[in-house]
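Participant: Structure here, sequence nowhere to be found:
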Ligand code: ADP
Ligand code: MG
């Protein structure tokens, strides 16, 4: 494989940067696809601007350029104007603009225009001269996923050089598949996915490459399925008397679904083959107790078990409930999270190695190299879609073929699950605990906001608590943080001082986040304004209101997750979705949530309403990571690939026929890189 440094202009330093993106050679670079494209269109009048779109206006600086300092950040503000209107502009950490921009100067300002509480503003727009803009008009510029230290320009230039240095990328797909599925050629597709000639070329190229991904994935799954059946159970577990007692002592009766899933797990643990199971269950369906009992069985059999959660807040919550659950059973539970001091961590490492911890609860910190177990037999990943492929994989390499359990609260339609989870056994918790109050929903427009505040005020007066989520899609964490802070400032003016309002966003230090969350859990904070960081698994039963600003910007599945934060206690709970877009499609979409609290139904409807082909929409946080394909939006391509995979397996299982040879090579290569992706 050609090294990156073989490309002119790429030295060792840049190579290091590319490594951070998971690109270590030329081929991986070529397969690093843009996440979107930027097309510069003609500038429009300010009065025609639409919220939530990237647009360009040709306008002049209309007011003094002010620089405000806010802690470490600076905000540079001004107003721009054309003959049809004016609009506020903000830049973060670019104070030097004060010296370069003068009142009356005219530029193209291009950026994302958004309504922040009814006022249209543009944040961080590019400032371009009209001459430069002419050159960029209608070009499709790729936008690549980035990481700190590497710019989009660097990647564009590298891709450009690599593609130009090669005359032709050989076709590996057999002719009959290309014909049957009407696919674009590989060479054409790989060039056009990076630098599309036009939208049509992009469309067919993307379709082709998405097809490749699905097909390789499925052929890979077939291969693994055979292998998996050979993974013996290294940690055979006996039934444990105490676990019946533990279940009896619970303050509630397990649901039928919980009992069924526990049964399936217990068969796995005692059977001849290592467990490799996915538990899918809606928010609040009670997956934690299932995990807790499985780990209990492992511990009582003399093994270690571990559960990894995506956030410290959640990990701590798990620790507390497990410690309480096991309190009469002499089980040693401990915690490992990033914010612990190195001294505290060292102690945990030691205890783990010596077998002085039976059950470890933690975050990504668990997969650090230094963490070694004595006899780890069961690994559980909670909210698995929140983890990267590598992270999930590292967890299961902490031992030799441990039992694997992954838990997911993102229901995916059954039709898809069967295709996508070919190699996993699936347990579904399709029953909510009884006596759950149904959450009352409403979808309203922004005029309702004062009423919503009044309502929250009343609930707080009754001793309850509320979440308000305000988040921007496809924005930087910095801008999100800004929006949340502004929101709280305004909200405080509406409420009196006796109510504690705090905010939470992704830019905050984990320690501070934990602090805020635990104060919220203790009802020291009554209203929590947040970005979607609270989406995952948090349990505060006293919270009864979930209000979501700009609900139209979210996917249904995500809104459903957010809503799952309330309705967890004995009080009636409410979900208020503020819809700021008056169009029929949005309304119809949000109505689905309004009418149903069933996650599986919502997932099906989401798929139906968005339909395939609606690409580059809001990307689902899928269960399996594809580079480019999206199993929701590309369901038709997925089905095509699935049919072809079946046909191939039927006709030429080992892919040994001459015309399938190129494909075989790709599958082998794919598996060597993605084995853990396929395996989850
Ligand atoms: P999730 O599936 O979203 O992880 P949790 O495991 O956090 O859900 O459970 C949500 C709440 O429901 C918890 O407070 C838990 O104690 C409670 N719970 C779980 N199972 C039952 C049950 N069978 N009956 C009543 N309450 C239950
Ligand atoms: Mg959970």
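Facilitator: Arrived safely, thanks for sending. Everything numeric here is computed off the predicted structure, so don't read it as measured data. Ligands and ions are numbered 1, 2, ... in the order given.
Participant: which parts of stretch 154-162 are buried?
Facilitator: Going by neighbour count (16 or more other C-beta atoms under 10 Å), the buried part of stretch 154-162 is 154, 155, 156, 158, 159, 162. C-beta coordinates here come from the backbone N, C-alpha and C atoms, glycine included.
Participant: and the longest helix along the chain, what other elements does it pack with?
Facilitator: Longest helix in the chain by number of residues (criterion: DSSP state H): helix 199-228. Helices and strands touching helix 199-228, by 3 or more C-beta pairs under 8 Å, 6 or more residues apart in numbering; DSSP states H and E, are helix 186-194, helix 635-651, helix 661-679.
Participant: Out of those, which is the most enclosed?
Facilitator: Of all the helices and strands packed on helix 199-228, helix 186-194 carries the top mean neighbour count, a mean of 20, counting by mean count of other C-beta atoms under 10 Å.
Participant: if we can go back for a sec, and of the helices and strands packed on helix 199-228, who's closest to residue 239?
Facilitator: Residue 239 lies closest to helix 661-679 among these, at 27.9 Å (C-beta to C-beta).
Participant: Rounded mean pLDDT for that closest one, please.
Facilitator: Here helix 661-679 scores 72 as its mean pLDDT.
Participant: Ligand 1 contacts on this protein?
Facilitator: 252, 254-255, 258, 281, 283-289, 409, 433, 539, 568 (C-beta under 6 Å from any ligand atom).
Participant: ok, 8 Å please
Facilitator: Along the chain, the residues adjacent to ligand 1 under the rule C-beta under 8 Å from any ligand atom are 250-255, 258, 281-290, 321, 382, 407, 409, 429, 433-436, 537, 539, 541, 564, 568.
Participant: in the stretch 51-200 of the chain, which spans are helices?
Facilitator: 97-100, 130-136, 152-165, 175-181, 186-194, 199-228 (DSSP state H, counting those that start in this stretch).
Participant: Any chance of those in CSV with distance to residue 35 and mean pLDDT as columns?
Facilitator: Conversion of the helices of the stretch 51-200 of the chain to CSV gives the following (distance: least, C-beta to C-beta, whole Å; pLDDT from 0 to 100):
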stretch, distance to residue 35, mean pLDDT
helix 97-100, 28, 92
helix 130-136, 19, 89
helix 152-165, 10, 92
helix 175-181, 25, 94
helix 186-194, 11, 97
helix 199-228, 12, 85
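Participant: Any chance of these in TSV with distance to residue 452 as columns?
Facilitator: As requested, the helices of the stretch 51-200 of the chain are exported to TSV (distance: least, C-beta to C-beta, whole Å):
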stretch	distance to residue 452
helix 97-100	37
helix 130-136	42
helix 152-165	39
helix 175-181	50
helix 186-194	44
helix 199-228	41
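Participant: which residues touch stretch 311-318?
Facilitator: 288, 307, 309, 335, 337-339, 361-363, 382-383, 510, 513-514, 517-518, 533, 536-539 (C-beta atoms under 8 Å, 6 or more residues apart in numbering).
Participant: Keep only those of those residues that are in strands.
Facilitator: 307, 335, 361, 362 (DSSP state E).
Participant: in the sheet, who's paired with the first one?
Facilitator: Same thing as residue 307. Counting by DSSP bridges, residue 307 forms beta bridges with residue 361, residue 380.
Participant: What residues does it make contact with?
Facilitator: 291, 295, 318, 359, 360, 361, 362, 379, 380, 381, 382.
Participant: what's the answer for residue 91, then?
Facilitator: Counting by C-beta under 8 Å, 6+ apart, residue 91 touches 75, 76, 97, 123, 124, 125.
Participant: which one is it nearest to, not counting chain neighbours?
Facilitator: residue 76 (4.5 Å; C-beta to C-beta, 6 or more residues apart in numbering).
Participant: before we move on, back to that, closest one to residue 595 out of the buried residues of stretch 154-162, please.
Facilitator: Nearest member of these to residue 595, counting by C-beta to C-beta, is residue 155, at 44.1 Å.
Participant: Do I have it right that that closest one meets residue 32?
Facilitator: Yes - Residue 155 lies in contact with residue 32 (C-beta atoms under 8 Å); the separation is 7.4 Å.
Participant: so what's in contact with these two at the same time?
Facilitator: residue 144.
Participant: The residue lying closest to residue 137 once chain neighbours are set aside: neighbouring residues, count only.
Facilitator: Once flanking residues are discounted, residue 137 sits nearest to residue 40: 5.4 Å by C-beta to C-beta, 6+ apart. As a burial measure, residue 40 scores 20 neighbours (other C-beta atoms under 10 Å).
Participant: same question, residue 424
Facilitator: By other C-beta under 10 Å, 20 other residues sit near residue 424.
Participant: now do residue 87
Facilitator: Residues near residue 87, counting by other C-beta under 10 Å: 21.
Participant: residues contacting it?
Facilitator: 46, 49, 57, 59, 79, 80, 81, 113, 120, 121, 122.
Participant: bridging residues for the third one?
Facilitator: Yep, that's residue 57 we're talking about. When bridges are called by DSSP bridges, residue 57 pairs up with residue 44, residue 109.
Participant: Distance of it relative to ligand 1?
Facilitator: According to C-beta to the nearest ligand atom, to the nearest Å, residue 57 and ligand 1 sit 45 Å apart.
Participant: so residue 204 sits right up against residue 181, yeah?
Facilitator: No - with contacts counted by C-beta under 8 Å, residue 204 stays clear of residue 181, the gap being 11.5 Å.
Participant: can you give me the offset of stretch 570-579 from its chain's centre?
Facilitator: Centroid separation between stretch 570-579 and its chain, computed with C-alpha atoms, centre = their mean, to the nearest Å, is 24 Å.
Participant: typo on my end, stretch 396-409
Facilitator: 20 Å.
Participant: in that stretch, what's buried?
Facilitator: Buried-residue list, stretch 396-409, by 16+ other C-beta under 10 Å: 396, 398, 399, 401, 402, 403, 404, 405, 406, 407, 408, 409.
Participant: Same list, those, but as a markdown table with secondary structure please.
Facilitator: Shown next, in a markdown table, are the buried residues of stretch 396-409 (DSSP: H, G, I helix; E, B strand; the rest coil):
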| residue | secondary structure |
| --- | --- |
| 396 | helix |
| 398 | coil |
| 399 | coil |
| 401 | coil |
| 402 | coil |
| 403 | strand |
| 404 | strand |
| 405 | strand |
| 406 | strand |
| 407 | strand |
| 408 | strand |
| 409 | coil |
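Participant: out of the residues you listed, who's nearest residue 64?
Facilitator: residue 409 (50.2 Å).
Participant: quick one: contacts for the closest one?
Facilitator: 280, 281, 282, 283, 285, 287, 383, 537, 561, 564, 599.
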